[in-house]
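J.: Sharing a sequence plus its predicted fold:
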Amino acid sequence: MKTAPFLAALLACLPVGAADVLHVYTWADYLSPEAVERFEADHDCRVVIDTFDSNESLHARLKAGARGYDVVFPTSYMVELLQQDSLLTPLDHASLPNLKHIDRNVLPRVKDREMRFAVPYTIGYGVIACRSDRLREGQPSWAMFDRPDLGRRAVLLDDMRETLGAALKSLGHSLNSRSEIELAAARDVVLRWKQRIAKFDNEGYKAGIDSGEFLLVHGYSGDLFQVAQENPRVQILVPREGVSIGCDEMVIPKSAPRPELALKFINHLLDPEVAAENMEWLGYLCPNPEALKRVSANFLTNPAITIPEEVKARSEVIENLGPDLAKWTKVWDEIKSAR
């Protein structure tokens, strides 16, 4: 049978044996290009990356019915909520032989300790960084946001859990507090800090601290590690009052169109050689003891990677607040609407 001319022309434009496409939904700058390219070459596929800027926006998008994502990278507390909403598919451990490389000491920090739905990817902290050449005598304390010499050239994360959590830690409270009295006190702290900052932000703070537009920023340890690697004038400070400990994980949505390829991607990122290269590029610690044997000594001494034990003892993992989340949302709305 002959093919119509227009159809023949269309078919001629289509690639023969077109590669499979894996869709990843993650934080910005959260996968090294080399790790992705190696996976694409090994599995004859293409990886397409879409990004989110908060766990809450990730949750809202998936709950609203967004489809097409194969691998997603939520923080541990959000994994619990995604499970409760029946949005995740169970993981086939037989397809994940590299699970053996996960540090079992990390599992008590996550809710899914049996890794039925989620696999730990990185561990990071909510810290601060300053321009040491322009802001003298930087101190590892949340009180840095009270300095009168900031000149509204500071940034706080546009993240309710991180920023209210920082204020709670500055007051000696748990960053998972459910107390309305403590949350009100934390609100007042953030409102005071708001008078010293340029804005709340989740992305621009990296370029801003690098260029000197901002003198002090609140950000994620891996992001700031990347900037400090290139710019020695950026000094990372881990507040002595305690910080948030975040464990981001890899999950497969129930609606994933390519779950088998997704499992291969997760297994790829758990390979010690890939994980070592990936974490040095990311600036986050991967809970993979075999991979840690392959990283540089300089990587492990960076304050964004290895925080002091006494500070770690005062730090906490962000938890799912359940119904008490409404208390936080009310306080955060008051902060964002205040002038």
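T.: It's in. All values derive from a computational prediction rather than experimental measurement.

J.: for this structure, which strand is longest?
T.: Longest among the strand segments of the chain by residue count, using DSSP state E, is strand 118-131.

J.: Packing partners of the very next helix or strand once past it?
T.: Sequence-wise, the next helix or strand downstream of strand 118-131 (DSSP states H and E) is strand 154-156. Taking 3 or more CB pairs under 8 Å, 6 or more residues apart in numbering; DSSP states H and E as contact, the helices and strands that strand 154-156 lies on are helix 180-194, strand 199-200, helix 205-211, strand 216-220. In this view, the C-beta of every residue, glycine as well, is placed from N, C-alpha and C.

J.: Would you mind finding the most buried of those?
T.: Highest mean neighbour count among the helices and strands packed on strand 154-156 (mean count of other CB atoms under 10 Å): strand 216-220, with a mean of 27.

J.: How is F225 assigned, secondary-structure-wise?
T.: Assigned by DSSP: H, G, I helix; E, B strand; the rest coil, the conformation of F225 is helix.

J.: got the contact list for it?
T.: I236, L282, G283, Y284, N302, A304, I305 (CB atoms under 8 Å, 6 or more residues apart in numbering).

J.: And for A129?
T.: Applying CB under 8 Å, 6+ apart to A129 gives the contacts I209, L216, V217, G219, L224, V227, A228, V234, Q235, I236, L237.

J.: can you pull out the strands in the chain?
T.: 20-26, 45-51, 71-72, 118-131, 154-156, 199-200, 216-220, 234-237, 244-251, 316-317.

J.: Make a markdown table out of the helices and strands packed on strand 154-156 and add distance to L164 and mean pLDDT.
T.: Formatted as a markdown table, the helices and strands packed on strand 154-156 follow (distance: least, CB to CB, whole Å; pLDDT from 0 to 100):
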| stretch | distance to L164 | mean pLDDT |
| --- | --- | --- |
| helix 180-194 | 5 | 98 |
| strand 199-200 | 11 | 97 |
| helix 205-211 | 17 | 97 |
| strand 216-220 | 12 | 97 |
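
J.: Looking at the ones you listed, which is nearest to D158?
T.: strand 199-200 (3.7 Å; CB to CB).

J.: what packs against that closest one?
T.: Strand 199-200 packs on strand 154-156, going by 3+ CB pairs under 8 Å, 6+ apart.

J.: Select, out of the strands of the chain, the one closest to N298.
T.: Proximity to N298 (CB to CB) singles out strand 234-237 among those, at 13.7 Å.

J.: Which elements pack onto the closest one?
T.: Using 3+ CB pairs under 8 Å, 6+ apart: strand 234-237 touches strand 118-131, helix 221-230.

J.: just to revisit the earlier point, would TSV of the helices and strands packed on strand 154-156 with distance to K312 be doable?
T.: Formatted as TSV, the helices and strands packed on strand 154-156 follow (distance: least, CB to CB, whole Å):
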stretch	distance to K312
helix 180-194	22
strand 199-200	26
helix 205-211	24
strand 216-220	17
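
J.: can you tell which of those is closest to S337?
T.: helix 180-194 (10.7 Å).

J.: which residues sit in contact with the nearest residue to D20 once chain neighbours are set aside?
T.: Among residues not flanking D20 along the chain, C45 sits closest, at 4.2 Å (CB to CB, 6 or more residues apart in numbering). Shown in contact with C45 (CB under 8 Å, 6+ apart): A19, D20, V21, L22, F39, L261.

J.: at 10 Å what do you get?
T.: Contacts of C45 were listed using CB atoms under 10 Å, 6 or more residues apart in numbering, and they are A18, A19, D20, V21, L22, F39, R258, L261, K264, F265.

J.: so what pLDDT did the fifth one get?
T.: Among the per-residue scores, L22 shows a pLDDT of 98.

J.: what's around it, how many residues?
T.: Neighbours of L22 under the rule other CB atoms under 10 Å: 24.

J.: Is it bridged to anything, and to what?
T.: Legend: beta-bridge partners of L22 under DSSP bridges are V47.

J.: I'd say it and D44 touch.
T.: No - using CB atoms under 10 Å, L22 is not in contact with D44, being 11.2 Å away.

J.: where does the closest residue to E316 other than its chain neighbours fall, phi/psi-wise?
T.: Leaving aside its sequence neighbours, E316 sits nearest to L175 (CB to CB, 6+ apart; 5.2 Å). Dihedral angles of L175 (phi, psi; degrees, to the nearest 10) stand at phi -80, psi 0.
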